[in-house]
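> quick one, what's the 3D model for this:
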Amino acid sequence: MSSLSSIANTAPRVLFLARHGETAWNLEQRWQGQTDVDLNDAGRAQAAALAARLAVHRITRIIASDLSRARETAEIIGRRLGVDGVLLDAGLRERGYGIFEGLTRAECEAQHPEEWARYVADHRHTPARAEVDAAVVDDGLAAAALMAMNNVFYRFRHMVGKPSYDAKPARLRMQRIAKPATNKADFELFCLVVSAINGCEMCIRSHEAVVIEGGLSEDHVIDAVRIAAVVHAAAVALELPVVMAVATT
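Below is the predicted model of the structure:
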């Protein structure tokens with residue numbers, strides 16, 4: 001390896017981060033999220049202006065979200081800088097905002113007052129039909145792991161029906177329940193639906209009571225259990241052997 005190629009391979013790289021140009025929804029202050037909204041003329045002019053500022057730098061590669069507002073911004077810059085092709089990555093998309101998308105903040109508050117109040121109180125709250133936040137996934141996995149332990153233990157206690165077993169300490173480590181990444185009511189709801197799948201009556205009753213005390217309604221509970229039932233059925237179906245009938249003529 002020559003010294004020149006060695007220098008080239010170890011030279012520092014500079015990363016420029018740019019937001020997409022303006023869209024009509026930006027102008028109207030509407031939530032865009034993952035709704036695909038095109039650039040407006042002002043946005044295209046902004047992309048061209050950014051390309052002019054970047055012209056003094058040796059840009060070799062451009063990566064953008066696959067949503068049109070980001071893709072077109074990148075393509076305008078690429079053409080003006082002579083960079084061939086734009087690499088598209090869906091992982092660079094904006095966070096999804098579900099039922100808020102297409103609405104202004106005032107419209108969110110008017111049309112979805114409960115969801116909006118929860119979001120204003122805690123921006124980690126994910127609106128209905130939005131993408132699942134990492135904290136929600138973390139709590140869901142934790143609830144599944146904890147209930148895999150608890151449901152077996154407490155189902156045994158309930159089914160054996162001896163008070164002497166009830167008097168014995170469980171000695172199960174459950175500190176994670178007290179430290180949810182989201183909030184206590186949602187974590188208890190996750191524990192409830194896992195317990196429903198696993199068939200632990202004691203756990204179901206216990207978690208349902210905490211969920212209701214935490215401010216969620218019976219409608220929230222039945223919706224969550226319905227979703228869990230459908231997901232469980234899909235998981236069972238995927239594990240069934242595939243039988244294919246081939247007709248011959």
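> now the residue most central in space within the chain: which helix or strand?
Against the mean C-alpha coordinate of the chain, by CA atoms, centre = their mean, the closest residue is V132 at 2.2 Å. Here V132 sits in a region with no helix or strand, counting by DSSP states H and E.
> now the one 4 residues further on
Secondary-structure assignment from DSSP H and E places V136 in helix 134-160.
> that helix packs against which elements?
Helix 134-160 sits against helix 163-166, helix 184-198, helix 201-213, with contacts defined as 3 or more CB pairs under 8 Å, 6 or more residues apart in numbering; DSSP states H and E. C-beta coordinates here come from the backbone N, C-alpha and C atoms, glycine included.
> so which of those helices gets nearest A18?
helix 184-198 (35.4 Å; CB to CB).
> tell me how far that closest one lies from the chain's centre.
Relative to the chain's own centre, helix 184-198 is displaced by 18 Å; criterion: CA atoms, centre = their mean, to the nearest Å.
> what is the neighbour count of A134?
Number of residues near A134 (other CB atoms under 10 Å) recorded here: 10.
> and it, how far from T182?
10 Å (CB to CB, to the nearest Å).
> element containing the nearest residue to the residue nearest to the centre of the chain once chain neighbours are set aside, please.
Computed as CB to CB, 6 or more residues apart in numbering, the closest residue to V132 that is not its neighbour in sequence is T126, at 6.5 Å. For T126, there is no helix or strand it lies in under DSSP H and E.
> how about T126, what does it touch?
Applying CB atoms under 8 Å, 6 or more residues apart in numbering to T126 gives the contacts 98, 132-133, 136.
> likewise D84?
Applying CB under 8 Å, 6+ apart to D84 gives the contacts G78.
> pLDDT at it, what is it?
D84 carries a pLDDT value of 90.
> quick check: it is in a strand.
No. D84: not assigned to a strand; according to DSSP: H, G, I helix; E, B strand; the rest coil it is coil.
> distance check, it against G78.
Counting by CB to CB, the gap from D84 to G78 is 8 Å.
> rewinding a little: list just the one of the helices and strands packed on helix 134-160 that sits closest to V56.
So among the helices and strands packed on helix 134-160, helix 184-198 is nearest, using CB to CB, at 49.6 Å.
> quick one, that closest one and helix 201-213 angle?
150 degrees (axes from the mean of the first three to the mean of the last three CA atoms, to 10 degrees).
> and helix 184-198, what does it pack against?
Using 3+ CB pairs under 8 Å, 6+ apart: helix 184-198 touches helix 134-160, helix 201-213, helix 218-239.
> tabulate these in JSON lines, adding columns for distance to N26.
Below are the helices and strands packed on helix 184-198 laid out as JSON lines (distance: least, CB to CB, whole Å):
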{"stretch": "helix 134-160", "distance to N26": "26"}
{"stretch": "helix 201-213", "distance to N26": "39"}
{"stretch": "helix 218-239", "distance to N26": "34"}
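> burial check on L192, number of neighbours?
25.
> which residues touch it?
Contacts of L192 (CB under 8 Å, 6+ apart): 203-204, 207-208, 211, 221, 224-225.
> where in this structure is pLDDT low?
1-11, 240-249 (pLDDT under 70).
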